[in-house]
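Novice: Sequence first, predicted model second:
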Amino acid sequence: MRLLALIFCLLLPLGAAAQNTTTQPTGTITIQESAAGDRAIAKRIRDILAELDGYASVEVAVAAGIVTLTGTTVDTQKTKQLNDLVGRIEGVVAIENEVAETTDVADRLNPVLDRFKARIAQAVAFLPLAGIALAVFVGIVLLGFFIARWQQPWNRIAPNLFIADIYRQVIRMLFIIAALVLALDIVGATALLSGILGAAGIVGLAIGFAVRDTVENFIASIMLSIRQPFRPNDTIEIEGDTGKVIRLTSRATILLSFDGNHIRIPNATVFKSRIVNFTRNAERRFSFELGMAPDTDFAAARTLALETLAALPFVLDTPEPSVWIETIGDSTISLQLAAWVDQTDTSIDLARGEAIRLTIAAFDRAGFVMPEPTYRLTRPADVPSKEPQPQTPGTPAAPPSMAPQDVDANAEKALEQIIDQERAGTESDLLTDRAANE
């Protein structure tokens, strides 16, 4: 411990000497000494220090051009600045800076209080200008919100209410930015605007990455509302989901399935998916397949099928029905039958079912066989006798009716009424008659 204390005592004068000789004046030292010159140097230094803050306790003494500074300052930085300041005085040969940093609480707090009072005074003097800037900002913002609330012309120039709301949001944003620029210009802080916009851009970019799916869905909603691929009550298929369109909202497309269930599909999925619209054209074709025995006269069977389909009252003459051989199986040859109906008044499912029933009945009357595509394994002992088996006594089966039954689209119309009731609710809808069909 004594060794360390000895080393500390030896290094202390060296440190003081280094401090005292820091930034000493350079140049030629004159051989003439003048007491008047020393007094002039001391007066000049005192006058300068009197005009600066923090040097009130510094004493100056000059002898033979050597300036000795004693006293205290509020911080070390001001002490170091004395050497630079005094060294610029003409006639100074050397500087002995013995000024130390004060530890007096009052001396250290007084400058802080003075700066605080000065800033309060500046804030009070700034209040009228800040009030004017705030009034201009509020006035422009209120004007923008007032213009954005107009129904016209935004509803007229927009294809739907959703786009009109986007126009209103843009108007509000433009007026807010203009109000901010004018307010900052009044208070002389326009340089702050670039920093605010830069920070807003970075924050917006980060938020955009965080809510990328939401942004994608929002853009898809805009595109679907401008170019509408379907209308209310249209029967469509999206991603395997089939139903009638109820409405298009800013987030999802809502369908009513034929089971009475609501199907909500995000608009981003709708925009990117394959959409099948069954309602865009009133004419719609149904088809079905019938298996015939290989030894059937297919020319006669095809003619009978065409006559049967053409005779149905709900089948359209144009396009006309068609029948062709579709596939050849192990035990049957398939006929494909197709016909067109007006689905506005005819149920496609009921029409298909009735066409199948009447075609089978016509084939039965004409003696055309439609075997079952099955295999039967038998052994020699189990071979049945070829003699006809006795029939169970009873009333013979009545021949099937050839009169077409009702195939009106009553179920579809009932679903349309349900959809009309739901669309009468308060939820917004982006589907309008003014939008272009895609």
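Specialist: Nice, I can see it.

Novice: the helices in this structure, which residues?
Specialist: 2-20, 35-51, 76-87, 105-148, 154-157, 161-186, 191-210, 212-226, 267-272, 298-311, 348-366, 410-423 (DSSP state H).

Novice: Determine which of those approaches residue 404 most closely.
Specialist: Nearest to residue 404, of all these, is helix 348-366, at 5.9 Å by C-beta to C-beta. Glycine gets a C-beta too; all of them are placed from N, C-alpha and C.

Novice: Now do the contacts for the residue nearest to residue 176 when sequence neighbours are not counted.
Specialist: Closest residue in space to residue 176, ignoring its immediate chain neighbours: residue 141 at 5.7 Å, by C-beta to C-beta, 6 or more residues apart in numbering. Going by C-beta atoms under 8 Å, 6 or more residues apart in numbering, residue 141 touches 175, 176, 179.

Novice: Test my guess that the first one contacts residue 143.
Specialist: Yes: look at residue 175 against residue 143 with C-beta atoms under 8 Å: they come within range, at 6.5 Å.

Novice: Between these two, point out the one with more neighbours.
Specialist: Neighbours per residue (other C-beta atoms under 10 Å) separate residue 175 from residue 143, with residue 175 holding more: 19 against 13.

Novice: Distance of the more buried one relative to residue 133?
Specialist: Going from residue 175 to residue 133 by C-beta to C-beta, to the nearest Å gives 16 Å.

Novice: Kindly report the same for residue 348.
Specialist: 68 Å.

Novice: the more surrounded of those two?
Specialist: Using other C-beta under 10 Å as the criterion, residue 348 and residue 133 rank with residue 133 on top: 21 against 17.

Novice: Pull the contacting residues for the more buried one.
Specialist: Residue 133 sits next to 182, 183, 184, 186, 187 when contact means C-beta under 8 Å, 6+ apart.

Novice: cutoff 7 Å now
Specialist: 183, 186, 187 (C-beta atoms under 7 Å, 6 or more residues apart in numbering).

Novice: Among the residues you listed, which one lies nearest to residue 431?
Specialist: Closest approach between the contacts of residue 133 and residue 431, by C-beta to C-beta: residue 183, at 42.0 Å.

Novice: Which residues are in contact with residue 144?
Specialist: Contacts of residue 144 (C-beta under 7 Å, 6+ apart): 171, 172, 175, 176.

Novice: buried stuff in stretch 309-324?
Specialist: Of all the residues in stretch 309-324, those buried under the rule 16 or more other C-beta atoms under 10 Å are 309, 312, 314, 315, 316, 321, 322, 323.

Novice: Taking these, tell me the two that lie furthest apart.
Specialist: The widest separation within the buried residues of stretch 309-324 (C-beta to C-beta) is 17.4 Å, between 314 and 323.

Novice: still on that earlier bit, quick one: which of the contacts of residue 133 is the most crowded by neighbours?
Specialist: Most surrounded of the contacts of residue 133: other C-beta under 10 Å gives residue 183, at 22 neighbours.

Novice: right, and it touches residue 137 too?
Specialist: Yes: contact between residue 183 and residue 137 holds when scored by C-beta atoms under 7 Å: they sit 4.1 Å apart.

Novice: returning to what we had before: for the contacts of residue 144, which one is nearest residue 100?
Specialist: Of the contacts of residue 144, the one sitting nearest to residue 100 (C-beta to C-beta) turns out to be residue 176, at 55.7 Å.

Novice: Tell me how far the closest one lies from residue 215.
Specialist: 21 Å.

Novice: Could you do residue 245 as well?
Specialist: 24 Å.

Novice: Comparing these two, which shows the higher neighbour count?
Specialist: Neighbours were counted for residue 245 and for residue 215 using other C-beta under 10 Å; residue 245 has more, 24 against 14.

Novice: Where does pLDDT dip in the stretch 251-400 of the chain?
Specialist: 372-400 (pLDDT under 70).

Novice: Run through the strands of it in chain order.
Specialist: Taking DSSP state E, counting those that start in this stretch, the strands of the stretch 251-400 of the chain run over residues 252-256, 262-266, 275-277, 283-292, 322-328, 333-342.

Novice: looking at those strands, which is buried most?
Specialist: strand 252-256 (a mean of 22; mean count of other C-beta atoms under 10 Å).

Novice: and residue 351, how many neighbours does it have?
Specialist: With other C-beta under 10 Å as criterion, residue 351 counts 24.

Novice: Check the contact between it and residue 286; I expect there is one.
Specialist: Yes: checked against C-beta under 7 Å, the pair residue 351 and residue 286 is within contact range at 6.1 Å.

Novice: out of the strands of the stretch 251-400 of the chain, nearest to residue 202?
Specialist: For the strands of the stretch 251-400 of the chain, the distance to residue 202 is smallest for strand 262-266, at 28.3 Å, taking C-beta to C-beta.

Novice: From residue 165, how far out is the residue most central in space within the chain?
Specialist: Centroid-nearest residue in the chain: residue 215, 1.7 Å away (criterion: C-alpha atoms, centre = their mean). Going from residue 215 to residue 165 by C-beta to C-beta gives 17 Å.

Novice: repeat for residue 181
Specialist: Residue 181 is 25 Å from residue 165, by C-beta to C-beta.

Novice: coming back round to it: can you lay out the helices of the chain as a markdown table showing distance to residue 95?
Specialist: Below are the helices of the chain laid out as a markdown table (distance: least, C-beta to C-beta, whole Å):
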| stretch | distance to residue 95 |
| --- | --- |
| helix 2-20 | 7 |
| helix 35-51 | 10 |
| helix 76-87 | 5 |
| helix 105-148 | 23 |
| helix 154-157 | 76 |
| helix 161-186 | 47 |
| helix 191-210 | 41 |
| helix 212-226 | 66 |
| helix 267-272 | 76 |
| helix 298-311 | 119 |
| helix 348-366 | 106 |
| helix 410-423 | 92 |
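
Novice: Ok, which of the ones you listed comes nearest residue 26?
Specialist: helix 76-87 (8.4 Å).

Novice: Can you point out the buried residues in that closest one?
Specialist: 78, 79, 81, 82, 83, 85, 86, 87.

Novice: could I get the residues you listed as JSON lines with pLDDT and distance to residue 407?
Specialist: Below are the buried residues of helix 76-87 laid out as JSON lines (pLDDT from 0 to 100; distance: C-beta to C-beta, whole Å):
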{"residue": "78", "pLDDT": "78", "distance to residue 407": "103"}
{"residue": "79", "pLDDT": "79", "distance to residue 407": "106"}
{"residue": "81", "pLDDT": "81", "distance to residue 407": "103"}
{"residue": "82", "pLDDT": "81", "distance to residue 407": "108"}
{"residue": "83", "pLDDT": "82", "distance to residue 407": "109"}
{"residue": "85", "pLDDT": "83", "distance to residue 407": "107"}
{"residue": "86", "pLDDT": "82", "distance to residue 407": "112"}
{"residue": "87", "pLDDT": "81", "distance to residue 407": "111"}
